[in-house]
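J.: need coordinates for the following:
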Amino acid sequence: MSIAAPSVLSLDYSRMSEQIRELNESGAKWIHYDVMDGHFVPNLSFGPDILRGIRKASDLYLDVHVMIEDPVRFADIFLDAGADNYTFHIEALKDEKKIKDLAAHIHEKGKHCGLSVKPGTQLDALKPFLNDFDLFLIMSVEPGFGGQKFNPSSTERIAVLKQWLKEAGSHALIEVDGGINAETAELVKQAGCDVLVAGSYVFGQDIRKAVEILER
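T.: From the prediction side, this is the model:
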């Protein structure tokens, strides 16, 4: 069974309390929280204060995805604000030791950590880290904006990564983010995806119904 991770980037913030309550009652297990700094990606989103508010309003697993230039500097800030998982981009750090050191630090804090790749980054870049992370996030759109169309090449990337993880003896989850709806969800699940991030698809209709479709 797949995990639906509704992205609050698409939440209607004029109805924040109501929609968080609907999420809590929807059967979803995760909430996906995007952080953008206007530098690593050309958009701005949320800081730690809103995350603290969501943490107070929900007991769901908080899956924080940072699209920022300095994930090391902000790791403790978001972990202390309530993140259960902290996913950062391989393109932001580049250096293998720095990436492994940050993963180790997050684990020392008793939290989970994820590593993400943009669509244009070679999947081979993940090979040195298969046993260092709890989750790998395959971006199926260019990060920075919601509502983009799904990149079909993502299914092959998911399938290849699934095989690598199996061969490495890793139990890390594979997550996909970008253009996920009822149709593309089936494609990525067949390829081996475990966690499906969806924003406009979930919040653009009945939340419970959308979650049920993604998780079936």
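J.: got the contact list for the spatially most central residue of the chain?
T.: Residue closest to the average C-alpha location in the chain (Cα atoms, centre = their mean): residue 65, at 5.2 Å. By Cβ atoms under 8 Å, 6 or more residues apart in numbering, the contact list for residue 65 reads 32, 33, 34, 35, 87, 114, 116, 137, 177, 197. Where C-beta positions appear, they are placed from N, C-alpha and C, glycine not excepted.
J.: from the residues you listed, which ones fall inside strands?
T.: The members of the contacts of residue 65 that map onto strands under DSSP state E are 32, 33, 34, 35, 87, 114, 116, 137, 177, 197.
J.: per-residue pLDDT, the last one?
T.: Which is residue 197. With respect to pLDDT, residue 197 scores 97.
J.: tally of neighbours for residue 86?
T.: 28 (other Cβ atoms under 10 Å).
J.: so the closest residue to residue 197 other than its chain neighbours bridges to which residues?
T.: Excluding the flanking residues, the one nearest residue 197 by Cβ to Cβ, 6 or more residues apart in numbering is residue 177, at 3.8 Å. Judged by DSSP bridges, the bridge partners of residue 177 are residue 139, residue 197.
J.: again with residue 6
T.: Residues in beta-bridge contact with residue 6 (DSSP bridges): residue 198.
J.: list the contacts for it?
T.: Residues near residue 6 by Cβ under 8 Å, 6+ apart: 23, 26, 28, 30-32, 197-199, 202-203, 207, 210-211.
J.: can you tell me which residues contact the residue nearest to residue 197?
T.: Listed by Cβ under 8 Å, 6+ apart, the contact set of residue 177 reads 7, 32, 65, 137, 138, 139, 140, 141, 143, 197.
J.: alright, calling it a day.
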